[in-house]
Each structure stands twice: as C-alpha cells, then as structure tokens.
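Enquirer: Next come a sequence and a model predicted from it.
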Amino acid sequence: MKFKLFISSLLNGRNIGTLTILLMFSGMASESRGDLLFLPLSAASFAVYSGLVIQSFTSKKFQEKFISKMKHRNIKKLDRTCITLADDAKRYTNAAYYKKLRLIMDDKNEIMKLYYKEGPNFLNEKITEKALDLVISYIKLLKSFCIRYKELNSVDVKPVQERIAKNSRKLNFTSDPKIRENIKKIIEMDEKILSRLKEEKLNLERIDTRLDYIKSTVYMLKQQLNLKLGTEEELLEKIEGAVNEAIALESVLDERNKRRIKI
C-alpha cells in the first residue's frame, strides 16, 4: 500500500505540473542567460518537486483520498467479479436456484446504485465492499451446492435397497457362518452408502438454509445503505461472519464435488 501511495505521490497532477512548469522556466532562463544556469535551476526544480512529493506522501488528506480511490477501484473490481461468477454459476442452476441467483444479483445492483448515489464515505464504501464480498461468497457456494445437488439427485438408490433386501433374505436361508458373515459385511457396506447419501442430503438442506440467510443479509445491507439502519460495528461483524462461513461451506462442497459418488 505504501509503495502505491508513493507512486501516486510521484504522479500526482499538482506535483508533475509544478515540475513541468519549473523545468520550462529553467529552460527559458538558460536560453536567455546561458547554459550554466540550466543545471542548478533544474536541480532546484527537482528539489521543489521532491518536497511536494514528500508533502503529498505524508498528507493525511492525500492519504485519505488515495485510500478512497483504491477502495473505489476494488469495489468496481468486485462488482465485475460478481457478474462473471454469476454468468458461470447460472449454467449449473435449475429454475428455482436461477431465480435465487437473479434476486441476489438484483440486490447487488441496487447496492451499487446506492453506492454511486451516496458518494464516497467510509461507511458507504465499507458496507458496499463487504456486501460484494458476501455476494461473491454466495455465488460460489450456490454453484458448488447446485453441482452437488444435481449429483445426489442423479444417484439411484433402488439397486442398493434391493441388494440389501435380497441379502437380508439370504441370511434367513443360510446357516453357514462364513457365508453369513460375508453377507452381513455386504449389507453393512450398502447401508453405509445409504447413510452417507442421507447425511449429504441433510447437509445440503442446511447449506440451502445458509444461502437464504446470506441472501437476507445482503438484503439487510441494501436497506442499511438506503435507510441508515443499525450501527457500523454490528453490521461489519455480521458481514464478516457470514462471509467466513460461506467460504468454509463452499470449500467443503468443492472438495466433495471432486469425489463423485459411485454405487
């Protein structure tokens, strides 16, 4: 950040403009009074320029303006990321989840309108930045959720259930201990598969609920920007927690999506 601030100080319009004018004056003075004046006048020009650069670099007002400019750039970048991720995620959604995606993007667009309407201020920038982080986390989580949801729904459990029923009947007609032990192991493995599928579906239901919670949080942020509700500390703490949880859930789902279920 300090390096970027220093570069911004070097390229500041006032500082560059002053240096240009001083160098032009040095050139004109050396033409009228001799080349011997050019070097000392140029050195003096760069000394003044260096002083202005240092003044800009250490100026609180300049620093605040620079930070605000950087935040604005980051907000625009986050906004573009939301759009890119949404375009990708919609390919994996069904009608119901596409509607959810569209609704949160509508909220995101409203937040951006309010951001530009309100103009730069600390709370406006901070809430908008965090809201966009939350939308990005939502879209990533939604995509992973939809991929997993589609895979689980494509799994046909009937063959497993029929296998369990068939092997359970075999136990009633088999007295050989070795055979019975092998059949029991097969039944246990099939039951574990069904149990795993059931648990995964329950996890998806929980994640679906979290998606709704994130959506509600984004909507609340929109209202906060519009109506100035709540306090800064409460809002930022709630956003941070929601973002971290969404990232963690998306990471877990992404890892599970790499391990396809086989029956």
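Expert: Looks like it arrived, so ask away. Residues are numbered from 1 along each chain as shown.

Enquirer: per-domain residue ranges of this structure.
Expert: 1-58, 67-257 (automatic domain parsing).

Enquirer: Mean neighbour count, these: which tops it?
Expert: domain 67-257 (a mean of 16; mean count of other C-beta atoms under 10 Å). Where you see a C-beta, it was placed from the backbone N, CA and C, and this is true even at glycine.

Enquirer: Give me the residues contacting stretch 136-143.
Expert: Stretch 136-143 has contacts (C-beta atoms under 8 Å, 6 or more residues apart in numbering) with 78, 81-82, 85-86, 88-89, 92-93, 97, 100-101, 104, 207, 210-211, 214-215, 218, 242-243, 246-247, 249-250, 253.

Enquirer: Can you tell me which helices and strands the longest helix that the chain contains packs against?
Expert: Longest helix in the chain, counting residues (DSSP state H): helix 177-227. Packing contacts for helix 177-227, counted by 3 or more C-beta pairs under 8 Å, 6 or more residues apart in numbering; DSSP states H and E, involve helix 95-118, helix 122-154, helix 158-172, helix 232-257.

Enquirer: Can you tell me which of those is nearest to residue 68?
Expert: helix 122-154 (6.8 Å; C-beta to C-beta).

Enquirer: Tell me how far that closest one lies from the chain's centre.
Expert: Remark: helix 122-154 is offset 7 Å from the chain centroid, using C-alpha atoms, centre = their mean, to the nearest Å.

Enquirer: Let me see the mean pLDDT of it.
Expert: Across helix 122-154, the average pLDDT comes to 89.

Enquirer: between it and helix 177-227, how many degrees?
Expert: Here helix 122-154 points in a direction 150 degrees away from that of helix 177-227 (axes from the mean of the first three to the mean of the last three C-alpha atoms, to 10 degrees).

Enquirer: Switch the helices and strands packed on helix 177-227 over to a markdown table; also include distance to residue 187.
Expert: As requested, these are arranged in a markdown table below (distance: least, C-beta to C-beta, whole Å):
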| stretch | distance to residue 187 |
| --- | --- |
| helix 95-118 | 36 |
| helix 122-154 | 22 |
| helix 158-172 | 5 |
| helix 232-257 | 25 |
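
Enquirer: Identify whichever of the ones you listed lies nearest to residue 179.
Expert: Going by C-beta to C-beta, the one of the helices and strands packed on helix 177-227 nearest residue 179 is helix 158-172, 8.2 Å.

Enquirer: Name the surrounding residues that touch the closest one.
Expert: So helix 158-172 is contacted by 180, 183-184, 186-187, 190-191, 193-194, 263 (C-beta under 8 Å, 6+ apart).

Enquirer: let's see it at 6 Å
Expert: 183, 186-187, 190, 193-194, 263 (C-beta atoms under 6 Å, 6 or more residues apart in numbering).

Enquirer: tilt between it and helix 177-227?
Expert: Going by the same axes, to 10 degrees, helix 158-172 makes 150 degrees with helix 177-227.
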